[in-house]
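>>> Quick one: sequence and predicted model below, then my questions.
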Amino acid sequence: MNAESTVFRASRPAVVVAPGGEGARAAAWLLAWPMRLAATPIGRRLLVAAVLAVVAVAAVGYLYDSADQPAAASAARPAAARAGTGDAGRQLAAAPVRAKRAATPAEAAAAWWAGRQRVAVAKVQSLQQRKVSASEVQVLVVAEAGSRMPSRYVTVRKGPSGWKVP
């Protein structure tokens, strides 16, 4: 055997799979299935519905990923805390909650739950309310405290000085 003969044939025999085996038939059937489905009127409708569903899921996912922050939450923070520069921003963000008169039961419950969980009031949200009586409301609050999100129904009563947690 001379040097030129190895160009046209391999020096070792290659592993050959039988071309008419069951695996090849199954692969050909699987690859041809979408085209056979698209050949029927119902198949075309199903493929169009599947494409529209994928587009809708992608669009909704994109909208959730790029959601705007609520304007009220960003406007309520002081300008120095928004800037986040220097020690002043850190001190304002970590300042303890001052007791003030709560205008709504949700504010009173959020302030109480923030103090209880040792987080900023901005990290607490009220999710829902249920009225127990004319002067008593239960508020479901949740706090963002690291990787966990503790929640609780907080009972708030209205007194002469506003809404308070008893």
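Here it is on my side, so go on.
>>> Outline the domain layout of the chain.
Listed domain ranges for the chain are 21-65, 98-164 (source: automatic domain parsing).
>>> Could you save the ones you listed as TSV and add columns showing mean pLDDT?
Below are the domains of the chain laid out as TSV (pLDDT from 0 to 100):
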stretch	mean pLDDT
domain 21-65	90
domain 98-164	87
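>>> highest average neighbour count across the ones you listed?
The highest average neighbour count among the domains of the chain, using mean count of other Cβ atoms under 10 Å, belongs to domain 98-164 at a mean of 16. Every C-beta, even on glycine, is put in place using the N, C-alpha and C of the backbone.
>>> ok, S161 touching A108?
No - using Cβ atoms under 8 Å, S161 is not in contact with A108; the gap is 10.9 Å.
>>> who touches stretch 129-149?
Contacts with stretch 129-149, where a contact means Cβ atoms under 8 Å, 6 or more residues apart in numbering, come from 105-106, 108-110, 113-114, 117-119, 123-128, 150-159, 163.
>>> quick one: which of the residues you listed sit in strands?
Among the contacts of stretch 129-149, the ones falling in strands (DSSP state E) are 124-128, 151-159, 163.
>>> got a list of what the nearest residue to V156 once chain neighbours are set aside touches?
What sits nearest to V156 in space, not counting adjacent residues and going by Cβ to Cβ, 6 or more residues apart in numbering, is P105, at 4.2 Å. The contact partners of P105, by Cβ under 8 Å, 6+ apart, come to Q129, V137, V139, V156, K158, W163.
>>> So which elements touch the lengthiest helix in the chain?
If you go by DSSP state H, the chain has its longest helix at helix 41-65. Counting contacts by 3 or more Cβ pairs under 8 Å, 6 or more residues apart in numbering; DSSP states H and E, helix 41-65 is packed against helix 22-38.
>>> Which strand residues bridge L140?
Q128, Y153 (DSSP bridges).
>>> Distance of the nearest residue to R157 once chain neighbours are set aside relative to A58?
With Cβ to Cβ, 6+ apart as the criterion, R157 has its nearest non-adjacent residue at 5.1 Å, and that residue is E136. Look at E136 and A58: by Cβ to Cβ, to the nearest Å, they are 46 Å apart.
>>> cool, P41 as well?
26 Å.
>>> for A134, same thing?
49 Å.
>>> Would you confirm that P34 contacts L47?
Yes - applying Cβ under 8 Å, one finds P34 in contact with L47, separated by 7.3 Å.
>>> Excluding residues flanking it in the chain, which one is nearest G43?
Using Cβ to Cβ, 6+ apart, the nearest residue to G43 is L37, at 3.7 Å.
>>> Fine by me, thanks again.
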